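Novice: Attaching a predicted model along with its sequence, questions to come.
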Amino acid sequence: MISALVASDFATPHVDYHALAPEIVLGVGICLLIVLDLFLAESRKWLVSTVAGLILLGAVLPVVTLGVIGSDVRSMFDGRYVIDNFSLVLKALFLLSGYVVVLMSSRDTEERTPYQGEYYTLLLTSIMGMVMMASARDLVSVFVALEFLSIPAYMLAAWRKRDSKSNEAGMKYFLLGVFASAVMLYGMSLLYGVTGSTRLVDIGQAVTGTDHLVGVQVLGIVFVIVGFAFKVSAVPFHTWAPDVYQGAPTPITAFLSVASKAAGFVALSLLVFLAFPAAKSVYEPFLWVLAAVTITVGNLLALKQKNIVRMLAYSSVSQGGFILMPLAVAGTGDARTSLRAVVVYLIIYAATNLGAFAVVMAVSRKTHSGEIASYGGLFNYAPGLAAVMTLFLASLAGIPPFGGWYAKFGAFKAVLEARTGAAYTLAVIAAVNTVVSAAYYITLMREMWMKPAPDGDESPVRVPRNLVAALVITGVATLAFGVLPGFSGYGAITGLAGAFGR
C-alpha cells in the first residue's frame, strides 16, 4: 500500500507535446538565436531578425493545427496549464503582434538594433511569457509567466544605452514594475493563505467575499488587481507609461503598448472569471472606478500633448479603460459577452496601435522629430502614409467602418447588458470620453491633411520594405475587422466563455 501511495505521488505527469508545441518552438528558437549570434559575422547579423520572424511564424502553425483539429480542452498538470479556444486565440495574437514588431525592428528602419542577437532573444523571451500567460490557470504559473514577459521588457525599454531618456525609461519601468510585482505577490500569498490552493478554480470556490475571512480576501483581491493594473497602465498606476514609451525604441514602445498590455488583461480576465466569480461585490466596484478614471484621465492628458508618442501613450491609457469596462460588470452582466468584448478589443487594438507606431517610425525617418507639428503637409509628400495613419486614428476614435468602432461597440454592449445604475453611469462616462478622444485624433489628422510642412521640405519619404509589410498587415486587419466584424468577434471566437465554464 505504501509503495502504491509513493508511486501515485511521484507519477509522471501527462504532457501533451502538441498542445505545448508553440512554447517548444519558441524555446528552441530562442536557443537557436543565441547560437546564431555567437557564430555569425557582424556583417551577417541581420539574418537574426529574419530567423526571429520565422520562429514566430513557426510557432503560429501549431496554434492553427490545435484550433483546426477540434475544440477539446487540453489540460495538463492537474488543470494548472490549459489549452482551449481562449488561450489559442491569444497565443496567436501575441505571436503575430511579435512578428509585426520584428518587421518594425529590421536593420533598414530608423530604429537600428546594434546587438541583434540580444535584442531578438529578449523579445522572443518576453513573447514566450505572454504565450504561457494565455494557458496559465494557477497563481504560480501566472506569476512565473508575468515575470518571464516583464524582465526582458525592462531591458528592452532601456535599449538605447547611450540615451539618457532610454536609461530613465528602463529604470523607471523596472522600479515600478518590481514594486507592482511585490504588491501582487503579497496579494497572491493572502489568497493562498485563505484558500489553501494556488489553482484559480479552487480559489474561485473558496473566495466569496462574505465569510469570516472577508478582510483578508478583500486585501488579497485588491493587491492582485493593483499588480496587474500596473501592467495595463490603469490610472493611477500609469505614471510609467508616457516616459517609458517616449524613451524606449519605437518598436519596443509599440510592443509594450500592445502585447504587454494584452498579457496584463489576459491575467485580469483569468482572475475575474476563474478566481473571483463569487466575489463580484469586491472586484466590480474597484474595476468600475479604475475603468472610469482611466478613460477620463488618459483622454484629458492626451489632449495636452505636443509629442505624438506621448499622445499615443495617453491614448493607450484611455483605451485600457475601455477594455476594463466589460470586466467591471462581468459578475453582474453576461459573462460570455464581457469576455468576448475584452478579447475582441485586444485583437483590434493590437492591429490599430501597431500600425500607428509603424507610421510614426516611417515619418520620423524624414522629420527626425516626434512633435505633432512635424506631421504638417504629410499628405502632400507622403499621401499613402497620411491615408493609412488616418485609418488608424479613426479606428482608435471608434469611427466606422474601421475596426475600433466594433471594439467599442462590444465594450458598450457588455456594460449595458448589466442593466444597473452603475453600468449605465459607466457607459455615459465612456460615451462622453469617446467624443473627447476624437479631438486629439482629429487634431493630428488636420495637421497631416491641411497644414503645410513646417520646414517647407516636401521630399518623399522612403519607407523600408519591412515597414511596408507591417503597415499592410495592420492596415488590412484594421479595415477587415471594421467592415467584416464577424471576422474578429462574436462569430469567430466561439466557446471562449464556455472555456471558463460560465
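Specialist: Received it, and whenever you're ready, just let me know what you need.
Novice: Can you name the residues that contact K261?
Specialist: Contact analysis of K261 by C-beta atoms under 8 Å, 6 or more residues apart in numbering lists 231-233, 316, 320. Quick note: C-beta positions are derived from backbone N, CA and C, even for glycine.
Novice: do that again at 6 Å, thanks
Specialist: V232 (C-beta atoms under 6 Å, 6 or more residues apart in numbering).
Novice: again with the one 4 residues further on
Specialist: Contacts were defined as C-beta under 6 Å, 6+ apart; by that measure F265 touches 232, 323.
Novice: quick one: it from M130, how far?
Specialist: According to C-beta to C-beta, to the nearest Å, F265 and M130 sit 11 Å apart.
Novice: Likewise for D16?
Specialist: Distance of D16 to M130, given as C-beta to C-beta: 20 Å.
Novice: Between the two, point out the one with more neighbours.
Specialist: Remark: of D16 and M130, M130 carries more neighbours, 25 against 13, as counted by other C-beta atoms under 10 Å.
Novice: My guess is the more buried one contacts A263. True?
Specialist: Yes - assessed by C-beta atoms under 6 Å, M130 is found in contact with A263 at 4.4 Å.
Novice: can you list residues touching both of those two?
Specialist: Joint contacts of M130 and A263 (C-beta under 6 Å, 6+ apart) are L149.
Novice: Other residues contacting stretch 315-334?
Specialist: Outside stretch 315-334, the residues touching it (C-beta under 6 Å, 6+ apart) are 232-234, 238, 241, 257, 265, 272, 280, 284, 287-288, 290-291, 294-295, 298-299, 302, 338, 341-342, 345, 349, 411, 414-415, 417-418, 420, 423.
Novice: I'd like to know which of those are buried.
Specialist: Taking 16 or more other C-beta atoms under 10 Å as the criterion, what is buried in the contacts of stretch 315-334 is 232-234, 238, 241, 257, 265, 272, 280, 284, 287-288, 290-291, 294-295, 298-299, 302, 338, 341-342, 345, 349, 411, 414-415, 417-418, 423.
Novice: Give me the number of neighbouring residues for L396.
Specialist: Neighbours of L396 under the rule other C-beta under 10 Å: 29.
Novice: Can you give the distance of the helix or strand hosting it from its chain's centre?
Specialist: Using DSSP states H and E, the element containing L396 is helix 383-397. The chain centre lies 21 Å from the centre of helix 383-397; the measure is C-alpha atoms, centre = their mean, to the nearest Å.
Novice: Give me the buried positions along that helix.
Specialist: Neighbour counts over helix 383-397 (16+ other C-beta under 10 Å) mark 384-386, 388-397 as buried.
Novice: now the helices for the stretch 201-350 of the chain?
Specialist: For the stretch 201-350 of the chain, the helices defined by DSSP state H, counting those that start in this stretch cover 214-231, 240-247, 250-255, 261-270, 280-303, 308-328, 335-367.
Novice: coming back round to it: tell me which residues are up against the helix holding L396.
Specialist: Identification of contacts with helix 383-397 by C-beta under 6 Å, 6+ apart yields 352, 355-356, 359, 362, 378-379, 402-404, 437-438, 441, 445, 448, 471, 475, 478.
Novice: Narrow these to those in strands?
Specialist: Judged by DSSP state E, these include no members of strands.
Novice: So which of the residues you listed belong to helices?
Specialist: Among these, the members found in helices (DSSP state H) are 352, 355-356, 359, 362, 378-379, 403-404, 437-438, 441, 445, 448, 471, 475, 478.
Novice: Which elements pack onto the helix or strand encompassing K165?
Specialist: Using DSSP H and E, the element containing K165 is helix 164-195. Counting contacts by 3 or more C-beta pairs under 6 Å, 6 or more residues apart in numbering; DSSP states H and E, helix 164-195 packs against helix 139-157, helix 200-206, helix 214-231, helix 240-247.
Novice: got these as TSV, with distance to L33 and mean pLDDT columns?
Specialist: Listed next are the helices and strands packed on helix 164-195 as TSV, based on distance: least, C-beta to C-beta, whole Å; pLDDT from 0 to 100:
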stretch	distance to L33	mean pLDDT
helix 139-157	13	90
helix 200-206	33	87
helix 214-231	25	88
helix 240-247	25	84
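Novice: need those helices in CSV with distance to V483, can you?
Specialist: Output for these, formatted as CSV (distance: least, C-beta to C-beta, whole Å):
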stretch, distance to V483
helix 139-157, 33
helix 200-206, 37
helix 214-231, 32
helix 240-247, 30
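Novice: Pick the most buried one from these.
Specialist: Ranked by mean neighbour count, those are led by helix 240-247 with a mean of 24 (mean count of other C-beta atoms under 10 Å).
Novice: what's the angle between it and helix 308-328?
Specialist: 140 degrees (axes from the mean of the first three to the mean of the last three C-alpha atoms, to 10 degrees).
Novice: Show residues contacting helix 240-247.
Specialist: Identification of contacts with helix 240-247 by C-beta under 6 Å, 6+ apart yields 157, 165-166, 168-169, 172-173, 176, 233, 253, 309-310, 313, 317.
Novice: how does it look with 7 Å?
Specialist: Here helix 240-247 makes contact (C-beta atoms under 7 Å, 6 or more residues apart in numbering) with 157, 165-166, 168-169, 172-173, 176, 233, 253, 256-257, 307, 309-310, 313-314, 316-317.
Novice: So among those, which ones count as buried?
Specialist: Buried, going by 16+ other C-beta under 10 Å: 157, 166, 168-169, 172-173, 176, 233, 253, 256-257, 307, 309-310, 313-314, 316-317, out of the contacts of helix 240-247.
Novice: what's the residue lying closest to L213 once chain neighbours are set aside in contact with, if anything?
Specialist: Computed as C-beta to C-beta, 6 or more residues apart in numbering, the closest residue to L213 that is not its neighbour in sequence is V194, at 4.9 Å. By C-beta under 7 Å, 6+ apart, the contact set of V194 is 206, 213, 216-217, 220.
Novice: Please repeat the previous calculation with a cut-off of 10 Å.
Specialist: Listed by C-beta atoms under 10 Å, 6 or more residues apart in numbering, the contact set of V194 reads 203, 206-207, 211-217, 219-220.
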